[in-house]
Each structure stands twice: as structure tokens, then as C-alpha cells.
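>>> quick one: sequence and predicted model below, then my questions.
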Amino acid sequence: ILRSAGAANLWIGQDFGAANAKAISEIRLTARSDFSSSHSNALHMPVKWRLQHSDDGLVWQDLWIHLREAPWELGETRVYAGAGPAAPVGAFRYWRLRAGDNLAGTYFSIAEIEMATSAGGANACTTGQAIFGDQRSSFPATQAFDGIVSGNNCWSISRGAADAIADAWCGQDFGTSFDLQELRLSARADGFSSHMPMSFAVECSTDGASWQVAWVETHDASWSAAEQRAFARPSV
């Protein structure tokens, strides 16, 4: 069976029948390809899951565990042939936030993104260079790193069926290796805090081209205006 991590009853699987045991060497998962006015339905895909097996359908054992799935694109298929990779450790030159779902169907917006090498530490984003997948002309990525949480000052992108997930990211090129340990996000200070991501992946890279998922955050609580939340980098 495929079981979503942290939710005991969210699972689906196959009974191959008596005397018909299977040794699974590969599984393929495909996201929904449709888009609604409120979100990309690809975002229904699990970001943490485990593959389990059983001889009696009662006692289950983990075979593969995946804890860091980046947000899925519409219709995307991913192929798995074993357990997920270990969490990347240490410092990386490039860090980015890749947004998943939110409560607004039209835009993603973040007023401020801060990155620190320790809990409550100084924000290092003032020394880096903003990088992004997309931005609206009046809401450039640089506004997510300018230290201003006021009015509609933010980084923002449009959402739609053509760009539901792929370009929904923003981050920093620090120019040298940076050991991110805490990410802090601030919502817009006006009436559009619903633009904040409810789920996201934190990704790192040494070259800005090949990315690894450092960790994934999934939160159900809505944001209030100008609210700041801190997210610690897990040790595993």
C-alpha cells in the first residue's frame, strides 16, 4: 500500500491474491492534470509518503519512505525505485522557497523572506541576490528581501492552469556557501494574506540548476496580515 505520512487512514494499495506475492521494484505516481479556480489539483499529491507491504493485510512494514516531495506539476509522473534520498546536509550557495497551495486561486504573494544560520539569527538575505521563477512587474522578487512589511510591498506571481506550480519560487544566490537553518516568512500587510503559501518546499543547490529538497512544510492555518512565521530546518 501507499500511505501518506502522518495520516494513518490515508492509504491505497493492491491485494495481488493468495500465492501471488510480488516483489515491487518500481512504482509510478501521476498527478491530476486539471486546474480549478482555487488551486492546482496537482497539489493534492502527497509530499510525504511511505510504501508498505504485508503478508496478511493486518501487519504492515515500511519498504520505502519519501519525506521530501517538491510540489507537483499538472499531470506530472514521477518514477520511484527505492527509498527517498537522505536530506541534504551542510551549506549551499542557492536557496529557494517553492510554493505549493494557498487559499487564493489567482496569486501567490510573500511580503518578506528571511534566511538565517540559527534560530532567531540575523537575516542574511540582505547580502545576497534575489532569484525567482516568475514575478509580476509591480511586485518583483527583490521586494521579498527589502526588509519592508507594509501595505502591498511583496513578491507576487500570477497563478493559472499554465503556471500553477512550475514558476512559483523565489530565493537567494548568496554567492558563497550558506548554511540555512531557519526560514522566516511574513505575509502581506494589507487584506491579501490569503496569497501566502499553505505548503511549500525549501530547496537548495550548488549551481542554481540542479535542486534538492531540503525539507517540506505543510500547514493548514491561514495567515493574518503582516504575520511572521519561522520554520526550522529538520535534522533528518
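In hand now; what should we look at?

>>> what's the longest strand in the protein?
The single longest strand within the chain, with elements called by DSSP state E, is strand 169-178.

>>> now for that one, which elements pack on it?
strand 92-99, strand 112-116, strand 129-132 (3 or more C-beta pairs under 8 Å, 6 or more residues apart in numbering; DSSP states H and E). The C-beta positions use only the backbone N, C-alpha and C, and glycine is treated the same way.

>>> that's a helix at Thr142, yeah?
Yes - under DSSP: H, G, I helix; E, B strand; the rest coil, Thr142 falls within a helix.

>>> identify the residues contacting it.
With contact taken as C-beta atoms under 8 Å, 6 or more residues apart in numbering, Thr142 is in contact with 130, 155.

>>> Pro88 now?
Contacts of Pro88 by C-beta under 8 Å, 6+ apart are 204, 212, 214.

>>> would you turn these into JSON lines with pLDDT?
What follows is the contacts of Pro88, written out as JSON lines (pLDDT from 0 to 100):
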{"residue": "Cys204", "pLDDT": "98"}
{"residue": "Gln212", "pLDDT": "96"}
{"residue": "Ala214", "pLDDT": "96"}
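
>>> what pairs with the lowest-mean-pLDDT helix or strand in the chain, and is each one parallel or antiparallel?
Sorting the helices and strands of the chain by mean pLDDT, DSSP states H and E puts strand 2-4 at the bottom, at a mean of 72. Strand pairing for strand 2-4, using DSSP bridges, gives strand 11-12 (antiparallel), strand 49-53 (antiparallel).

>>> export those as CSV, with columns for mean pLDDT, distance to Gly175 and mean neighbour count.
Formatted as CSV, the strands paired with strand 2-4 follow (pLDDT from 0 to 100; distance: least, C-beta to C-beta, whole Å; neighbours: other C-beta atoms under 10 Å):
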stretch, mean pLDDT, distance to Gly175, mean neighbour count
strand 11-12, 91, 45, 11
strand 49-53, 93, 36, 19
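
>>> ok, back up a step: and for the least confident helix or strand of the chain, what's in contact with it?
Residues contacting strand 2-4 (C-beta under 8 Å, 6+ apart): 10-13, 27, 29, 46, 48-52, 60.

>>> check those residues and tell me the two furthest apart.
For the contacts of strand 2-4, the maximum inter-member distance is 19.0 Å, found between Leu29 and Trp60 (C-beta to C-beta).

>>> show me the shaky parts of this structure.
In the predicted model, the chain carries pLDDT under 70 at residues 1, 5-8, 161-162, 164-166, 220.
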